[in-house]
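Peer 1: predicted model and sequence follow; I will ask about them next.
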Amino acid sequence: MDHRKVARCGVAVALLAVSACVALPLGPVPFTLQTLVVAMLPVALGGRDALVAMACYLAFGALGLPVFSGMSGGAAHVLGPTGGYLWGFLVGTAMAGAVGRVGLLPQVARDYLGAALSLLSVYAIGTAQLCLVMGVSPAAALLMAVVPFVGPDVAKLLVGVGVGRRVRAALGVRAAA
């Protein structure tokens, strides 16, 4: 990784941390701006660099740095009821990066499809961990931690991809990186 990529990944980690600070409690899962940044990063940086940034963000948070919602951190966050959503960010970023490299679709379609699949993986992994840790049914977990967020998350996804496309163009990052 050259110094520009390291700097971009550092800024991405900072964006993830700041986006987690904008938190409104809505039951066990807070409303944050993280899904906007998660949608933006693979588009703006390319899949590999976005994945590195996401892994660093999760590692920093797991080690106790206050980068998660509510300016908190620690292993209990990634292992607790809402930790699956954090793991979903990592898996979703990897999925968005993989979709970004599929040359059969126009780039704009890859960007939005990757973000949509990323969001679905966040929901799936987050809901699974919520069910396991809290001992609730999948239906109950979906009702408390997914359904209230779908509309706002779709809006954040659209904005995140749009911003990511502009940042990518400004940075001169190759789309399929």
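Peer 2: It's in. Residues are numbered from 1 along each chain as shown.
Peer 1: show me where pLDDT drops low in this protein?
Peer 2: 176-177 (pLDDT under 70).
Peer 1: and the residue nearest the centre of the chain?
Peer 2: Val38 (3.1 Å; CA atoms, centre = their mean).
Peer 1: which stretches of this structure form strands?
Peer 2: Applying DSSP state E to the chain gives no strands.
Peer 1: would you mark the buried spots in the longest helix along it?
Peer 2: In the chain, with assignment by DSSP state H, the single longest helix is helix 107-134. For helix 107-134, burial by neighbour count (16 or more other CB atoms under 10 Å) applies to 110-119, 121-123, 125-127, 129-131, 133-134. The C-beta positions use only the backbone N, C-alpha and C, and glycine is treated the same way.
Peer 1: what is that helix packed up against?
Peer 2: The contact analysis (3 or more CB pairs under 8 Å, 6 or more residues apart in numbering; DSSP states H and E) places helix 107-134 against helix 34-45, helix 83-100, helix 138-145, helix 150-171.
Peer 1: give me that answer again for 10 Å
Peer 2: helix 34-45, helix 75-79, helix 83-100, helix 138-145, helix 150-171 (3 or more CB pairs under 10 Å, 6 or more residues apart in numbering; DSSP states H and E).
Peer 1: now the angle from the third one to helix 34-45?
Peer 2: Spelled out, it's helix 83-100. 30 degrees (axes from the mean of the first three to the mean of the last three CA atoms, to 10 degrees).
Peer 1: distance from the chain centre to helix 83-100, please.
Peer 2: Distance, stretch centre to chain centre, for helix 83-100: 6 Å (CA atoms, centre = their mean, to the nearest Å).
Peer 1: can you check stretch 119-135 too?
Peer 2: That offset, for stretch 119-135, works out to 14 Å (CA atoms, centre = their mean).
Peer 1: stretch 45-59 too?
Peer 2: Worked out by CA atoms, centre = their mean, stretch 45-59 lies 10 Å from the chain centre.
Peer 1: then stretch 39-47?
Peer 2: 10 Å.
Peer 1: now swap in stretch 91-111 and tell me
Peer 2: 15 Å.
Peer 1: fine by me, thanks again.
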